[in-house]
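S.K.: what's the 3D shape of this:
(3 chains)
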Amino acid sequence: MRSWLESSAHAKVGQNLKYDSHIFANYGITLGGIQFDTLLESYVLESHLPHNMDSLAERHLGVKTIRYEEVCGKGVHQIGFDQVDLKIATDYAAEDADITLRLHLELWPQIQASSGLLYVYEQIEMPAMRVLGIMERNGIRIDSALLAKQGQQVGKRLLELEGEIHKLAGQPFNIQSPKQIAEILFGQLELPVIKKTPSGAPSTDEEVLQKLAEDYPLPARILDYRSLAKLMSTYIEKLPRMADPKTSRVHTNFSQATAVTGRLASSDPNLQNIPVRTEEGRRIREAFIPADGCKLLSADYSQIELRIMAHIAEDENLLEAFNTGKDVHQATAAEIFGVPLDDVSSEQRRYAKVINFGLIYGMSAFGLAGNLGIERSAAQNYIAKYFDRYPGVAQYMERTRVEARENGYVETVFGRRLWLPEIKGSNGPRRQGAERAAINAPMQGTAADLIKLAMIAVENWIEKEQLKTRMLLQVHDELVFDVPLDEIDLLKEKLPGLMCTVADLKVPLLVSIGIGDNWEEAH
DNA sequence: CATGTCACG
DNA sequence: ACGTACGTGACATGA
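M.R.: Numbers count the residues shown, from 1 in each chain, chains lettered A, B, ... in the order given. Okay, the predicted model is just below:
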């Protein structure tokens, strides 16, 4: 079937063709003529609903399909598809093809009915699928020996901490069990309960232990233990096991239809949550290394969501800050605290930064107060002051709430839709949650659109110029590449321009580049 | 399988 | 009286 499979003249429709393309690629076949993908059609139409074929068939066709689990079983009892009785396997496979075509005939006209959705589907999601397949196949090289060395050190430290913790507690217990920690802290030692989990149990999360650590020695040790145990099990031990033994490369799965806002999700392993915020954690990044003869190059958009907020809100003051190249947090601090730009203290800038982040998330006075450790009334004053100085932003927030209520959805700059079924609901907290999501989605979603457009433009450029540079990872506002030494100057010169010109916004986009012999150095 | 926790943007 | 900043994925525990 190779000639038909590879032919661009023979159009194909499938459900999750990125997967099928990988299977064919394993046999040296480049799947061509990929015209439609029902997974992405469903995602563009209704990102908030399930996109598996069983759900789609029921929702759009009213058909109950043969489920994969019915054919192969599940869990430890699951058998390979090649073990399935031929008649059963045939029925399943034939239905799969039939349903896919019928779904496409149903979904495609719905996308064509909206120019915005059509743009997102044809110009963003379909071409992005190809780029993501390439990135997944590229993988990124892991230094397993370095992780093994770190594992020795961290393992030793964990044993020491375990001893100290059991001594302070007066008895041995499982430090990895929140329930047992609670028994020790709040039962045996009678420390105050700071907050409870959703199920009503006393919480032992980081915020609680930080608070208790002000007065007692044990919680601080538990925090140290927790953070090291997390690094150990999730990264230090896991990554080497996920690496291809022949190439030392790990190949994540970029899920294109998981995040409701249009962002990607990364899994098995998740390479979008590699530690960076603490020094201990950053050492993990030293184990992400370039291919032989290459450097790792990281290119990230600076403050992309705030820039998008300025663009969408058309706030003159905020636009001016970006258009004149100001440090936006410093500029915000100057406005809120009513001081000249050069007199802004580092503390004032820190406050402004928290407020700027809060705005993107549709913050409440309560949330801001909790984050800054101040009174709710003080937080409310900061918010009022901000909206006074940036009235365009205040209007945008209100406009978005109204739009969400009237349409039941909000849109990104490029026309991606995020549906908010709970925006008119009678459940107060859930409705308010939907309002915050409505405010956040256009910014997070537009940023996701922009970086996908950038990935498509950059990959096309790499191929046109026949470069050996390889795109490896996307982390929401960052792209990571393997770059041969003799292409580094070219990338430094061309990449920021490519990434910044994929759209013409009312603010400039800014990309900063780092280069190094591991991801930590490059970041 | 639910829960709690914690890693990222 | 309650909950309270958006979006994710993975791990360990314990029923």
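
S.K.: show me where the stretch 101-250 of chain A has strands.
M.R.: Counting by DSSP state E, counting those that start in this stretch, the stretch 101-250 of chain A has strands at residues A:140-142, A:249-250.

S.K.: same check on chain A?
M.R.: A:12-14, A:34-37, A:140-142, A:249-250, A:253-255, A:265-267, A:288-289, A:294-301, A:409-411, A:417-419, A:470-474, A:478-484, A:511-516 (DSSP state E).

S.K.: including distance to residue A:358 and mean neighbour count, could the ones you listed go into TSV?
M.R.: Quick note: C-beta positions are derived from backbone N, CA and C, even for glycine. Output for the strands of chain A, formatted as TSV (distance: least, Cβ to Cβ, whole Å; neighbours: other Cβ atoms under 10 Å):
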stretch	distance to residue A:358	mean neighbour count
strand A:12-14	42	19
strand A:34-37	37	20
strand A:140-142	33	23
strand A:249-250	35	18
strand A:253-255	28	18
strand A:265-267	24	16
strand A:288-289	31	24
strand A:294-301	20	22
strand A:409-411	19	20
strand A:417-419	20	21
strand A:470-474	26	23
strand A:478-484	22	23
strand A:511-516	24	16
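
S.K.: could you dump these into a markdown table and include distance to residue A:238 and mean pLDDT?
M.R.: Putting the strands of chain A into a markdown table (distance: least, Cβ to Cβ, whole Å; pLDDT from 0 to 100) gives the following:
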| stretch | distance to residue A:238 | mean pLDDT |
| --- | --- | --- |
| strand A:12-14 | 31 | 98 |
| strand A:34-37 | 30 | 98 |
| strand A:140-142 | 11 | 97 |
| strand A:249-250 | 10 | 96 |
| strand A:253-255 | 15 | 95 |
| strand A:265-267 | 12 | 94 |
| strand A:288-289 | 14 | 97 |
| strand A:294-301 | 20 | 97 |
| strand A:409-411 | 37 | 96 |
| strand A:417-419 | 32 | 95 |
| strand A:470-474 | 17 | 97 |
| strand A:478-484 | 19 | 97 |
| strand A:511-516 | 23 | 96 |
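
S.K.: with respect to DNA strand B, which of those lies nearest?
M.R.: Evaluated over the strands of chain A, closeness to DNA strand B peaks at strand A:478-484, with 6.3 Å, by Cβ to the nearest atom of the strand.

S.K.: what lines up beside that closest one in the sheet?
M.R.: The strands that strand A:478-484 pairs with in its sheet are strand A:294-301 (antiparallel), strand A:470-474 (antiparallel) (by DSSP bridges).

S.K.: please identify the residues of the stretch 301-450 of chain A in proximity to DNA strand B?
M.R.: For the stretch 301-450 of chain A, the residues in contact with DNA strand B (Cβ under 7 Å from any atom of the strand) are residue A:444.

S.K.: re the thing from before, quick one: closest of the strands paired with strand A:478-484 to residue A:395.
M.R.: Closest of these to residue A:395 is strand A:294-301, at 25.4 Å (criterion: Cβ to Cβ).

S.K.: next, the angle from that closest one to strand A:511-516.
M.R.: Interaxial angle, strand A:294-301 versus strand A:511-516 (axes from the mean of the first three to the mean of the last three Cα atoms, to 10 degrees): 160 degrees.

S.K.: do strand A:294-301 and DNA strand C meet?
M.R.: No: looking at strand A:294-301 against DNA strand C by Cβ under 7 Å from any atom of the strand, there are no contacts, and the closest approach is 14.7 Å.

S.K.: using JSON lines, lay out the strands of chain A together with distance to residue A:491.
M.R.: Supplementary listing: the strands of chain A in JSON lines, determined by distance: least, Cβ to Cβ, whole Å:
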{"stretch": "strand A:12-14", "distance to residue A:491": "34"}
{"stretch": "strand A:34-37", "distance to residue A:491": "28"}
{"stretch": "strand A:140-142", "distance to residue A:491": "17"}
{"stretch": "strand A:249-250", "distance to residue A:491": "20"}
{"stretch": "strand A:253-255", "distance to residue A:491": "22"}
{"stretch": "strand A:265-267", "distance to residue A:491": "23"}
{"stretch": "strand A:288-289", "distance to residue A:491": "18"}
{"stretch": "strand A:294-301", "distance to residue A:491": "6"}
{"stretch": "strand A:409-411", "distance to residue A:491": "34"}
{"stretch": "strand A:417-419", "distance to residue A:491": "34"}
{"stretch": "strand A:470-474", "distance to residue A:491": "11"}
{"stretch": "strand A:478-484", "distance to residue A:491": "5"}
{"stretch": "strand A:511-516", "distance to residue A:491": "8"}
